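K.L.:
structural data only, the sequence is not supplied:
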């Protein structure tokens with residue numbers, strides 16, 4: 001373990017969940033004067049630890065060691081309110097929802113993180129911690145421990161809009177402050193039409209490129225093979241149902257609907273309104289079973305399955321139906337009729353709030369998937385956000 005923590009009044013902590021996140025935070029840290037803005041990296045994954053120790057220098061790298069402490073578990077269980085809060089976190093985690101890890105193992109990971117951070121916070125003055133999306137057990141433990149020690153947290157994820165990040169003190173998606181209090185956007189100044197249209201031109205150029213998350217998808221050829229319908233040149237009005245990645249946290253944590261539910265609901269709505277149904281698989285979908293299920297539904301229900309440009313599909317659609325995909329937010333850019341079946345932060349956005357969200361709330365400009373250096377000004381703005 002590398003330990004270079006400076007004895008100062010304020011330290012920024014970053015939880016490094018995977019290597020892409022580690023590389024991004026390292027670019028942030030490289031833009032800082034670490035004597036003035038000391039930082040520490042906290043890691044639980046051994047592969048990420050090796051990568052960080054091989055590639056990063058000048059910053060504290062601390063590793064959370066997992067352990068089974070029967071005495072600690074029993075102590076926590078003896079405090080009903082505390083134990084209930086922890087178990088609620090665990091049962092709302094990606095690991096449990098997707099059945100990757102059992103609850104007992106998750107409890108051990110949670111308490112290992114809790115114990116580690118409690119000792120760390122007693123030793124160094126951490127003022128703020130970037131905890132990721134907060135959907136994994138370890139990051140939930142980070143957020144919970146920070147709350148107990150009154151340390152600011154920042155939840156972060158890609159916004160899927162050009163060169164922007166979603167940063168929130170409470171959570172992401174339907175757990176964010178925007179989901180519960182969209183009126184917080186009202187304090188920002190109105191966005192001029194000229195400014196927004198300039199951004200829209202940049203956005204549409206950006207959307208012509210493949211999604212970074214979809215690059216090198218091993219199932220790209222299968223998706224292309226099955227998605228042969230062409231609808232953009234036609235005149236029949238259609239309903240667009242954009243599918244989400246089947247392992248998307250938004251599907252797992254913020255709705256009880258599946259892609260199959262969306263297709264069936266949208267097919268009934270298309271029949272009721274005399275419109276054509278157009279379905280698009282998410283370009284980052286890697287589950288072959290999910291892809292084949294959509295092909296089977298097409299044969300049964302007779303909808304169009306296309307792989308045409310999403311932005312162009314949005315612009316020409318009569319209506320968009322989504323569970324809680326970012327495509328729903330993008331549909332609002334074109335002021336389209338939109339129906340949302342799940343929970344999401346943009347569900348109650350007005351036209352004004354949408355623009356304020358884009359131009360004032362999102363952190364920009366920064367490229368997550370990049371090797372470009374991040375300037376000192378942007379790095380300081382990031383940790384001050």
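P.N.:
All right, it came through fine. Here the structure is a predicted model, which is why all the values come from computation and not from measurement.
K.L.:
okay, how far is it across stretch 317-330, tip to tip?
P.N.:
One end of stretch 317-330 to the other measures 12 Å (C-alpha to C-alpha, to the nearest Å).
K.L.:
ok, now stretch 148-157?
P.N.:
Span of stretch 148-157 from end to end, C-alpha to C-alpha: 23 Å.
K.L.:
roughly how far is it from the heart of the chain?
P.N.:
16 Å (C-alpha atoms, centre = their mean, to the nearest Å).
K.L.:
what's in contact with it?
P.N.:
Applying C-beta atoms under 8 Å, 6 or more residues apart in numbering, the set of residues contacting stretch 148-157 from outside is 118, 121, 126-134, 142-143, 146-147, 165-173, 175-176, 385. (Each C-beta comes from the backbone N, C-alpha and C, glycine too.)
K.L.:
just the ones of these in strands?
P.N.:
Judged by DSSP state E, the contacts of stretch 148-157 include 126, 127, 128, 129, 130, 131, 132, 165, 166, 167, 168 as members of strands.
K.L.:
go through stretch 376-383 and flag the buried ones.
P.N.:
Of all the residues in stretch 376-383, those buried under the rule 16 or more other C-beta atoms under 10 Å are 378, 379, 380, 382, 383.
K.L.:
nearest spatial neighbour of the fourth one, chain-adjacent residues omitted?
P.N.:
Leaving aside its sequence neighbours, residue 382 sits nearest to residue 28 (C-beta to C-beta, 6 or more residues apart in numbering; 5.5 Å).
K.L.:
what about that neighbour, distance to residue 130?
P.N.:
9 Å (C-beta to C-beta, to the nearest Å).
K.L.:
for the residue most central in space within the chain, name its beta-bridge partners.
P.N.:
With distances taken as C-alpha atoms, centre = their mean, the residue of the chain nearest its centroid is residue 157 (3.9 Å). Counting by DSSP bridges, residue 157 forms beta bridges with residue 166.
K.L.:
okay, strands next: where are they in the stretch 101-250 of the chain?
P.N.:
126-132, 152-158, 165-168, 238-242 (DSSP state E, counting those that start in this stretch).
K.L.:
adding mean pLDDT and distance to residue 264, write the ones you listed out as a markdown table.
P.N.:
As requested, these are exported to a markdown table (pLDDT from 0 to 100; distance: least, C-beta to C-beta, whole Å):
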| stretch | mean pLDDT | distance to residue 264 |
| --- | --- | --- |
| strand 126-132 | 96 | 34 |
| strand 152-158 | 94 | 29 |
| strand 165-168 | 95 | 30 |
| strand 238-242 | 98 | 10 |
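K.L.:
low-confidence stretches in the protein?
P.N.:
Scanning the chain for pLDDT under 70 picks out the ranges 1-9, 212-214.
K.L.:
can you list the buried residues in the longest helix along it?
P.N.:
Of all the segments of type helix in the chain, defined by DSSP state H, the longest one is helix 103-123. Neighbour counts over helix 103-123 (16+ other C-beta under 10 Å) mark 105-117, 120-121 as buried.
K.L.:
quick check: closest non-adjacent residue to residue 329.
P.N.:
With sequence-adjacent residues excluded and distances taken as C-beta to C-beta, 6+ apart, residue 329 is closest to residue 346, at 4.7 Å.
K.L.:
counting neighbours, what do you get for that neighbour?
P.N.:
By other C-beta atoms under 10 Å, 21 other residues sit near residue 346.
K.L.:
and it, how far from residue 13?
P.N.:
When residue 346 is compared with residue 13 (using C-beta to C-beta), they lie 29 Å apart.
K.L.:
thinking again about what came up before, let me know the helix or strand that the residue nearest to residue 382 is in.
P.N.:
Secondary structure assignment for residue 28, by DSSP states H and E: helix 19-30.
K.L.:
circling back: ok, so of the ones in strands among the contacts of stretch 148-157, who is nearest residue 263?
P.N.:
Distance to residue 263 across the ones in strands among the contacts of stretch 148-157 (C-beta to C-beta) is lowest for residue 166, with 27.4 Å.
K.L.:
would you confirm that that closest one contacts residue 158?
P.N.:
Yes. Using C-beta atoms under 8 Å, residue 166 is in contact with residue 158, at 7.3 Å.
K.L.:
centre of the chain versus the helix or strand harbouring residue 14, how much separation?
P.N.:
Using DSSP H and E, residue 14 sits within strand 11-16. Remark: strand 11-16 is offset 18 Å from the chain centroid, using C-alpha atoms, centre = their mean.
K.L.:
and if you look at stretch 275-287?
P.N.:
Centre to centre, stretch against its chain (C-alpha atoms, centre = their mean), the figure for stretch 275-287 is 20 Å.
K.L.:
can you check stretch 241-251 too?
P.N.:
12 Å.
K.L.:
can you check stretch 210-228 too?
P.N.:
Remark: stretch 210-228 is offset 20 Å from the chain centroid, using C-alpha atoms, centre = their mean.
K.L.:
same deal with stretch 202-220?
P.N.:
Remark: stretch 202-220 is offset 16 Å from the chain centroid, using C-alpha atoms, centre = their mean.
K.L.:
give me the buried positions along it.
P.N.:
Quick answer for stretch 202-220 (16+ other C-beta under 10 Å): 203, 207, 214, 217, 219, 220.
K.L.:
looking at those, which is nearest residue 250?
P.N.:
Of the buried residues of stretch 202-220, the one sitting nearest to residue 250 (C-beta to C-beta) turns out to be residue 214, at 16.5 Å.
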